[in-house]
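[1] 3D model of this:
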Amino acid sequence: MALSNAQKLINLGTPPEVATTLASMSAGAIAAKAQIAALTALTDSSGGTAGNTIADVPAAYTEATLANQLASLTAKINAIIAALKA
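    Model (predicted):
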C-alpha cells in the first residue's frame, strides 16, 4: 500500500501535525494550479477603450460609455489571469 504524503513526512521525522498541514497545503496548491491553468483570457469585442476607471452611467445612455466600461473590465480580468499564470 502506498504511503500518503503526510506519512512520508512523518517517516522522515516531521512532527505529525506539521506533516499533515504540509501535505494538505501541497494538495491545495496542486488543485489551485490546475484551476489557474484552466483559465482563459476574455476576448474583448466591445469596441470600447480600456481604462482604469469605471465611469458612472449617465442618465442619457450612451453606447460608448458602456463599451468602454466593458473593455476596462475585460482588460483587468485578463491582467489578473495573466498574473495568476505567471
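[2] Only C-alpha atoms from now on, for both contacts and neighbour counts.
    OK.
[3] Where do the domain boundaries of the chain fall?
    Per the record, the chain has its domains at 1-38, 41-86, by automatic domain parsing.
[4] between those, which gets the lowest average pLDDT?
    Within the domains of the chain, the stretch with the lowest mean pLDDT is domain 1-38, showing a mean of 80.
[5] what distance separates that one from the middle of the whole chain?
    Centroid separation between domain 1-38 and its chain, computed with CA atoms, centre = their mean, to the nearest Å, is 22 Å.
[6] And stretch 43-57, by the same measure?
    21 Å.
[7] which outside residues touch that stretch?
    For stretch 43-57, the external contacting residues (CA atoms under 8 Å, 6 or more residues apart in numbering) are 64-75.
[8] For PyMOL, write a command that selects the buried ones of these.
    Selection of buried members from the contacts of stretch 43-57 for PyMOL, criterion 16 or more other CA atoms under 10 Å:
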select buried, resi 65+66+67+68+69+70+71+72+73+74+75
